[in-house]
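Asker: After the sequence you'll find the predicted model.
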Amino acid sequence: MDFAPLEGILVVSLEQALAAPFCSSRLADAGARVIKFERKEGDFARNYDTAVLGQSAYFVWLNRGKESIIIDIKNKNDIALAYKIISKADVFIQNLAPGATIRAGLGSENLRKKFPKLITCDISGYGEEGPYKDMKAYDFLIQCETGLASITGGPDEPSRVGVSICDIAAGMYSVQAICQALLQKKKTGLGTSLKISLFDSLADWMSVPLLLSQYSGKTPKRVGLSHPGIAPYGAYLTGDKKMIVISIQNEREWKRLCTKVFNDPYLATKDQFSNNEKRSHNREELNKIINNYFQKYDKKVIAKKLKDNEIAFGFLNSIEDFNNHPQLRLTDFESPNGTVQLVKSPIITDDNQKKPKSIPSLDEHGPSLRKEFSL
């Protein structure tokens, strides 16, 4: 039996860029029918780059399984058509600039009055209340505003996380909230209004450094490929100039690393390394000892020693290495320019998944949708 838990659910998304498209693509993965409203020139994420067979990497990643229709929110006839489609929908998602949907008559409050069974999900940068509510917000700005950039990077310079983590977080929370609202609707027969912001989403993910700062007065420092409070936990150079990362989580593992891998039982009990707090305090000396040992052997030798003795480790891979990773699961999607390989859903079930749907061209489904929802 094909597995599609959201089959029969109609989602309409007036979306652009990343957060809302992430959300709606995951709902489509789960079997929902997703109709994507696009402006005349298309979702601007279509034009971020031409890396994937002439198409944007961002767009092909986040828009599989959707139906595309051009809707001009300044055109009365298109707004009337939008209302007709939304009237049949279970969920309406939007992440336009602050106030844009309200000016077009598609604000969630207005839609909820007209369609009480509708679930609306508004994704914004800073939320709809507070002094930042009208500010535009993009992933990099939120990484900076929440302090994430200040604890990311090496000791000398802050850094942006290399993927759009704020958009992804907001998209994930939106999926969670919509699924909860669908369960609630099943009980009450009514929809609800959901508000998700990039800032709130990343603020939640920043809870540990925030709590450390609030209650201990100590702000985590940038430590690059190390951990601010655990040692040894970092990247070390092997004899063939490769990097191996290790993570020691408890005293049993530390003792095993010293006695079984380093063959140095004394190191395990040496006073300045006898517990995690002391190891963290004496991290520089400890790292020299580990690097000196690792540089005696090639990567494969070190990896075998670590694996044989159940020490958590990994390799500092390039994107090219990741592309060839034996654990990476990919699947084929059809796009306007040919077959594209995307990462498989991280959700694995014991049911058969439906064959992946294709990535739409701009307004690909416009004629059929206009006919289906004709006024």
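Answerer: On my side now, so go ahead.
Asker: how many neighbours does A137 have?
Answerer: For A137, the number of neighbouring residues by other CB atoms under 10 Å comes to 19. All C-beta spots, glycine's among them, are computed from the backbone N, C-alpha and C.
Asker: Please determine how far it is located from T50.
Answerer: When CB to CB, to the nearest Å is the yardstick, A137 and T50 sit 26 Å from each other.
Asker: How about A104?
Answerer: The gap separating A104 from T50 is 31 Å, by CB to CB.
Asker: quick one, which of these two is more surrounded?
Answerer: A104 (20 against 12).
Asker: isn't that one right next to N75, touching?
Answerer: No - contact between A104 and N75 fails when scored by CB atoms under 8 Å: they sit 9.8 Å apart.
Asker: Residues touching stretch 95-112, excluding its own?
Answerer: Contact partners of stretch 95-112, identified using CB atoms under 8 Å, 6 or more residues apart in numbering, comprise 14-17, 19-20, 73-74, 79, 82, 86, 92, 94, 118, 120, 122-125, 128, 133-136, 191, 193.
Asker: Could you list the buried residues of the host helix or strand of V175?
Answerer: In this assignment (DSSP states H and E), V175 forms part of helix 165-188. Buried residues in helix 165-188, counted by 16 or more other CB atoms under 10 Å: 165-175, 177-179, 181-182, 185.
Asker: Domains in this structure, by residue range?
Answerer: Taking automatic domain parsing as the reference, the chain has its domains at 2-206+326-372, 233-315.
Asker: now those as a markdown table including distance to R222?
Answerer: Listed next are these as a markdown table, based on distance: least, CB to CB, whole Å:
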| stretch | distance to R222 |
| --- | --- |
| domain 2-206+326-372 | 5 |
| domain 233-315 | 13 |
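Asker: Quick check: which of these is buried the most?
Answerer: Across the domains of the chain, averaging neighbours per residue (mean count of other CB atoms under 10 Å) puts domain 2-206+326-372 on top, at a mean of 18.
Asker: In the stretch 101-250 of the chain, where is pLDDT below threshold?
Answerer: Within the stretch 101-250 of the chain, no stretch has pLDDT under 70.
Asker: Pretty sure A177 sits against I196.
Answerer: Yes - contact criterion CB under 8 Å: A177 and I196 qualify, at 6.4 Å.
Asker: Show me where this structure has its strands.
Answerer: Ranges of strands within the chain are 2-3, 10-14, 33-38, 66-70, 91-94, 119-124, 193-197, 233-237, 243-247, 312-315, 330-335, 338-343, 352-353, based on DSSP state E.
Asker: would you list the ones you listed in JSON lines and tack on distance to K288?
Answerer: JSON lines is the format used below for those (distance: least, CB to CB, whole Å):
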{"stretch": "strand 2-3", "distance to K288": "53"}
{"stretch": "strand 10-14", "distance to K288": "53"}
{"stretch": "strand 33-38", "distance to K288": "54"}
{"stretch": "strand 66-70", "distance to K288": "53"}
{"stretch": "strand 91-94", "distance to K288": "52"}
{"stretch": "strand 119-124", "distance to K288": "48"}
{"stretch": "strand 193-197", "distance to K288": "45"}
{"stretch": "strand 233-237", "distance to K288": "10"}
{"stretch": "strand 243-247", "distance to K288": "15"}
{"stretch": "strand 312-315", "distance to K288": "19"}
{"stretch": "strand 330-335", "distance to K288": "41"}
{"stretch": "strand 338-343", "distance to K288": "38"}
{"stretch": "strand 352-353", "distance to K288": "50"}
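Asker: Out of those, flag the one nearest N287.
Answerer: Judged by CB to CB, the one of the strands of the chain that comes nearest to N287 is strand 233-237, at 6.9 Å.
Asker: what angle do that closest one and strand 243-247 make?
Answerer: If you take axes from the mean of the first three to the mean of the last three CA atoms, to 10 degrees, strand 233-237 sits at 160 degrees to strand 243-247.
Asker: Off-centre distance for strand 233-237?
Answerer: Strand 233-237 sits 26 Å away from the centroid of its parent chain (CA atoms, centre = their mean, to the nearest Å).
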